[in-house]
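Q: What follows is a predicted protein model with its sequence.
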Amino acid sequence: MKILVRSTTITTMMAYLLTSTCNVCDAFVGKAPPSSSFARQQPQLHASNNNFMNQVQRVLGTAAIVTSIWGGLPTVSIEQQQHEMMPHLGSLHPPMAIAKEMASGTGSRVNKDPESLLRYGLPINNKEARKLQATIEEIKTNIGSKRKAAAIDGVKAARSKLSSTKDKLVAGCTDASFCTKLLQEMTDELTPLEVALKESQDSFNGSDQERAALDKAYEGQIKLASQMSSLEEAMVPKGYKTKVPSDYNDLPQLQGGRATVEFKLSKPNNAPFDINGVNFKEAKLKMIIDGYTAPVTGGNFVDLVSKGFYNNMAIQRSDGFVVQTGDPEGEADGYVAKGGKALGNGPHGERLIPLETYIRGDDGPFYESTMEDEGRGGQAVVLPFSSYGAMGWARDEYDANTGSSQFFWLLFDSDLTPAGKNVLDGRYPCFGYVTEGSDFLQDIKEGDIITSAKVTSGLEYLKQP
């Protein structure tokens with residue numbers, strides 16, 4: 001991380017709020033300083049970080065006033081956004097106005113659910129599936145806000161959609177018998193979900209009975225959403241591969257699927273992780289790495305994990321905005337290996353990978369330039385930085401193609417990454433999300449150690465040069 005957050009960043013951030021420039025985001029997620037200089041820079045880093053969030057809170061009070069200077073986009077409901085989200089398989093570029101309305105940060109309600117974002121990132125083209133997905137996900141929203149009647153209505157709507165669109169849903173699957181069985185299981189799951197919701201209605205507000213019934217309903221919805229993921233995954237065409245220019249054939253690629261990666265971390269001296277007052281001996285993170293949207297970035301990460309590169313590596317940055325690691329000991333600030341013909345190697349032998357951006361509506365990612373460089377600022381990327389624990393690839397401030405092995409988890413905050421103004425999308429590749437254990441990120445600090453990094457599934461999708 002050659003770029004550090006300093007106290008002067010606060011002044012820069014205010015300028016950003018007033019002018020909508022994006023340079024400050026590079027200061028937020030730049031690459032690590034070389035290990036030889038890292039220790040010397042720690043005091044300055046800590047001194048600035050201690051005041052960072054408090055100062056940001058004051059700055060953001062001004063943000064509400066200057067939002068109009070940003071030129072806000074029209075807001076749309078989450079239902080409208082979900083209806084307008086078009087699959088990125090083989091479709092045309094959407095008009096700029098539509099693309100902006102589909103952007104991850106547009107509207108008063110940002111989709112922060114990593115599982116939902118991964119479902120929308122699948123390369124499928126089935127409108128009935130997308131409508132059913134939106135209905136099932138809205139049930140979760142209504143359970144969380146205790147809108148019990150609305151949640152029950154959602155269950156009824158899901159049951160109706162499953163019945164009326166069954167043939168079209170099955171027709172979109174690569175395995176008709178699998179999907180037919182799965183649709184019946186989803187239909188069966190709706191009954192206990194509805195019963196639990198009605199039990200919560202009949203319980204006193206705030207009672208243990210209501211809490212137990214809502215917990216049961218929430219568990220039922222999670223199972224239903226997981227089945228929805230399986231249904232849509234079964235709609236991905238057999239043999240599907242994301243289009244990648246031949247220039248990058250000599251780099252690892254994650255093609256035709258997704259991989260699951262699990263990290264375990266510990267603190268020095270076996271200190272516990274304190275998560276909302278509960279202590280844990282170790283932190284466990286489960287991440288889904290998306291080869292459909294980020295085959296080169298995802299392939300590079302899975303390749304490094306499978307080689308043990310991140311084992312016993314320290315966390316090198318944790319400042320309330322990102323948690324970042326990947327800078328090895330020694331002179332190089334990335335993974336040293338033979339580089340590809342397109343970008344070659346960094347100054348100390350680092351294998352470089354290109355900036356990879358997949359805009360919704362395109363038939364594949366483009367490389368080596370930002371969305372703004374392409375004149376497409378504000379359009380929606382397939383995987384947005386709109387979820388806590390979104391994973392991004394770090395790079396130098398002024399060179400889009402200096403990524404090697406450093407990555408970050410974004411500690412998403414709707415104030416720091418506000419609706420309609422997500423400046424990370426299209427400037428850094430999002431290649432996956434933390435789907436389990438994201439709460440641990442709040443107490444993962446500099447110096448904590450990755451004791452284990454493993455690919456637990458999907459390694460068969462990793463294609464080596």
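A: Happy to help now that I have it.

Q: Please read off the pLDDT at the residue most central in space within the chain from the model.
A: Most central in the chain under Cα atoms, centre = their mean is residue 390, positioned 3.1 Å from the mean C-alpha point. You'll see residue 390 listed with a pLDDT of 97.

Q: What of residue 398?
A: So residue 398 comes in at 89 (pLDDT).

Q: cool, residue 422 as well?
A: 78.

Q: ok, now residue 318?
A: 97.

Q: count of neighbours near it?
A: 22 (other Cβ atoms under 10 Å). All C-beta atoms are positioned from the backbone trio N, CA, C, and that covers glycine.

Q: again with the one 3 residues further on
A: Around residue 321 there are 23 other residues, counting by other Cβ under 10 Å.

Q: isn't it right next to residue 424, touching?
A: No. In terms of Cβ atoms under 8 Å, residue 321 does not count as a neighbour of residue 424; the distance is 10.4 Å.

Q: who's the residue nearest to the centre of the chain bridged to?
A: Taking DSSP bridges as the rule, residue 390 bridges to residue 410, residue 433.

Q: Can you get me a residue count around residue 146?
A: 13.

Q: Then it would be within a helix, right?
A: No. Counting by DSSP: H, G, I helix; E, B strand; the rest coil, one finds residue 146 to be coil, located in no helix.

Q: Show the contacting residues for it.
A: 200, 214 (Cβ atoms under 8 Å, 6 or more residues apart in numbering).

Q: State the distance from it to residue 204.
A: 13 Å (Cβ to Cβ, to the nearest Å).

Q: likewise residue 371?
A: 51 Å.

Q: Counting neighbours, go ahead and name the busier of these two.
A: Between residue 371 and residue 204, residue 371 has the larger neighbour count (other Cβ under 10 Å), namely 18 against 8.

Q: That one contacts residue 384, doesn't it?
A: No. Judged on Cβ under 8 Å, residue 371 makes no contact with residue 384 at a distance of 11.7 Å.

Q: Run a quick neighbour tally on residue 277.
A: For residue 277, using other Cβ under 10 Å, the count is 5.

Q: Which residue is the nearest non-sequential neighbour of residue 235?
A: In space, residue 235 comes closest to residue 124 once its chain neighbours are excluded; the distance is 4.2 Å by Cβ to Cβ, 6 or more residues apart in numbering.

Q: just checking, the one you found touches residue 234?
A: No. Here residue 124 lies out of contact with residue 234, judged by Cβ under 8 Å, at a distance of 9.2 Å.

Q: between these two, who's got more neighbours?
A: Using other Cβ under 10 Å as the criterion, residue 124 and residue 234 rank with residue 124 on top: 23 against 19.

Q: So which residues of this protein form helices?
A: 8-19, 23-28, 35-70, 78-84, 96-102, 114-120, 127-144, 148-164, 166-171, 176-202, 208-233, 295-306 (DSSP state H).

Q: Distance from the chain centre to the last one, please.
A: Relative to its parent chain, helix 295-306 has a centroid offset of 16 Å by Cα atoms, centre = their mean, to the nearest Å.

Q: what does that helix rub up against?
A: Helix 295-306 is contacted from outside by 242, 244, 248, 251-255, 258-259, 261, 289-291, 310, 335, 351, 353-354, 356, 365, 367, 391, 393, 403, 405, 407, 429, 431-432, 453-455, 458-459, 462-464, using Cβ under 8 Å, 6+ apart.

Q: filter those to the buried ones?
A: Among these, the ones that count as buried by 16 or more other Cβ atoms under 10 Å are 242, 244, 248, 251-255, 258-259, 261, 289-291, 310, 335, 351, 353-354, 356, 365, 367, 391, 393, 403, 405, 407, 429, 431-432, 453, 455, 458-459, 462-463.

Q: so of those, which ones are in strands?
A: Filtering the buried ones among the contacts of helix 295-306 for membership in strands, criterion DSSP state E, returns 253-254, 258-259, 261, 289-290, 356, 367, 391, 393, 407, 431-432, 453, 455, 462-463.

Q: I'd like the distance between residue 230 and residue 122.
A: With Cβ to Cβ as the criterion, residue 230 and residue 122 are 11 Å apart.

Q: quick one: which of these two has more around it?
A: Ranked by neighbour count (other Cβ under 10 Å), residue 230 and residue 122 place residue 122 first, with 25 against 14.

Q: what sits against the closest residue to the more buried one other than its chain neighbours?
A: Among residues not flanking residue 122 along the chain, residue 232 sits closest, at 5.2 Å (Cβ to Cβ, 6+ apart). Contacts for residue 232 (Cβ under 8 Å, 6+ apart) come out as 119, 122, 124, 126, 129, 133.

Q: Now for those residues: which two are most distant?
A: Within the contacts of residue 232, two members stand farthest from each other by Cβ to Cβ: 119 and 126, at 11.6 Å.

Q: just for the stretch 301-450 of the chain, where's the confidence low?
A: 414-421 (pLDDT under 70).

Q: Next up, the contacts around residue 275.
A: Going by Cβ under 8 Å, 6+ apart, residue 275 touches 439, 440, 442, 443.

Q: The closest residue in space to residue 158 that isn't next to it in sequence: neighbour count?
A: Leaving aside its sequence neighbours, residue 158 sits nearest to residue 135 (Cβ to Cβ, 6+ apart; 4.9 Å). Residues near residue 135, counting by other Cβ under 10 Å, number 22.

Q: quick one: contacts for residue 135?
A: Counting by Cβ under 8 Å, 6+ apart, residue 135 touches 154, 157, 158, 161.

Q: try residue 368
A: 342, 343, 354, 355, 400, 401.

Q: Flag the shaky bits of the stretch 151-300 of the chain, pLDDT-wise.
A: Short version for the stretch 151-300 of the chain, where the test is pLDDT under 70: none.

Q: Can you get me the start-to-end distance on stretch 372-382?
A: The separation between the terminal residues of stretch 372-382, taken as Cα to Cα, to the nearest Å, is 16 Å.
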